[in-house]
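> With the input below, show me the fold.
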Amino acid sequence: MPVKITLKTLILSALFLSSCSDARIDQLELKMTNDLRQMREEIAQQSNSIDELRGQIGAVTGKMEEVQHTATGRTQEIEDNLKRLGSRVPPPPPVPEEILVMDEQLIAKQEGNAAELFKTGLKQLRDGEFANARDTFLRFVEENPDTAFTDNAFFWQGISYEGLGQLDRAVAAYSLGFQKFPAEDRVPANLFYLASVFQQMGQNKDAELTFEKLVDEHPKSDFADRARKKLDQLRPAKPAPKPSKKKY
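Numbers count the residues shown, from 1 in each chain. Model (predicted):
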């Protein structure tokens, strides 16, 4: 039996479908609204997290810069201390530290090319660069043949030659030091080290005569006291007197 569709039926059906569609749309809109709200909340949370992360990065960066600045300052301080303490590093043999320090202090008060050249030679001696020091002091004497430091330069030439094991040339340098500048204060040191080189070469008689010259001509110098001890070692001990026989 065929179904008879009336106009009324169609109208009722359309109204039902329409009401269903409106309800579905309302549900979709509500869901989209909730989803958007949730997305906004998540985005806000992410933004807060990003801001917090940026703050942490900024703090770390600032700390790194502070550490770097501190490290740079500390490094400079260490370098300054090393430079300041450099003159306290003991020099190698045969460089006499007490005379080296004395000349370092004296030349530090001077300015000019000659002073800088002399300072370079002293630094080379302290570092054990004997060949370079020899050349530096040879150049100093050549360019400055008559200054208050020229006799010192002859002395340091002798020390440089000793460091190189060239004892015959050390003898020549020490000898020139006191012969050319007999009135200067480095004469006792030149004589003492000259005599010491003679000892190293096995020329004990020459060493004894040089020590005697030092004691006779510069008796109040510190090197004279040291020379007297050396002379006691060089001179043979006098035999003890024989006991006299008693007469009865």
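> In terms of helices and strands, where is the closest residue to residue 136 other than its chain neighbours?
Take residue 136 and drop its neighbours on the chain: the residue closest to it by CB to CB, 6 or more residues apart in numbering is residue 121, 3.7 Å away. C-beta coordinates here come from the backbone N, C-alpha and C atoms, glycine included. Per DSSP states H and E, residue 121 falls inside helix 113-126.
> mean confidence for that helix?
Mean per-residue pLDDT for helix 113-126: 98.
> Pull the contacting residues for the residue nearest to residue 136.
133, 136-137, 140, 153, 156 (CB atoms under 8 Å, 6 or more residues apart in numbering).
> So which of those residues belong to helices?
Using DSSP state H, the members of these that fall within helices are 133, 136-137, 140, 153, 156.
> Save the contacts of residue 121 as CSV, and put in distance to residue 36, neighbour count and pLDDT too.
CSV is the format used below for the contacts of residue 121 (distance: CB to CB, whole Å; neighbours: other CB atoms under 10 Å; pLDDT from 0 to 100):
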residue, distance to residue 36, neighbour count, pLDDT
133, 85, 26, 98
136, 84, 23, 98
137, 89, 29, 98
140, 89, 24, 98
153, 91, 27, 98
156, 89, 28, 98
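> Dump those residues to CSV, plus distance to residue 99.
Putting these into CSV (distance: CB to CB, whole Å) gives the following:
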residue, distance to residue 99
133, 14
136, 17
137, 14
140, 16
153, 13
156, 9
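> Among the residues you listed, which one sits closest to residue 166?
Proximity to residue 166 was ranked across the contacts of residue 121 by CB to CB; first place goes to residue 133, at 12.7 Å.
> what sits against that closest one?
121, 124-125, 156, 159-160, 163.
> among those residues, which ones are buried?
Using 16 or more other CB atoms under 10 Å as the burial test, these include 121, 124-125, 156, 159-160, 163 as buried.
> ok, back up a step: gap between the residue nearest to residue 136 and residue 50?
Computed as CB to CB, to the nearest Å, the residue 121 to residue 50 distance reads 64 Å.
> helix/strand/coil for residue 39?
For residue 39, the assignment made with DSSP: H, G, I helix; E, B strand; the rest coil gives helix.
> and residue 211, how many neighbours?
29 (other CB atoms under 10 Å).
> give me the element it is part of.
Assigned by DSSP H and E, residue 211 belongs to helix 204-217.
> which strands and helices sit next to that helix?
helix 187-200, helix 222-234 (3 or more CB pairs under 8 Å, 6 or more residues apart in numbering; DSSP states H and E).
> one more time with 10 Å, if that's ok
Helix 204-217 sits against helix 167-180, helix 187-200, helix 222-234, with contacts defined as 3 or more CB pairs under 10 Å, 6 or more residues apart in numbering; DSSP states H and E.
> deepest of those, which one?
helix 187-200 (a mean of 23; mean count of other CB atoms under 10 Å).
> taking the mean pLDDT, what do you get for that one?
Throughout helix 187-200, pLDDT has a mean value of 98.
> just to revisit the earlier point, now tabulate the helices and strands packed on helix 204-217 in CSV and tack on distance to residue 59.
Below are those laid out as CSV (distance: least, CB to CB, whole Å):
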stretch, distance to residue 59
helix 167-180, 65
helix 187-200, 63
helix 222-234, 64
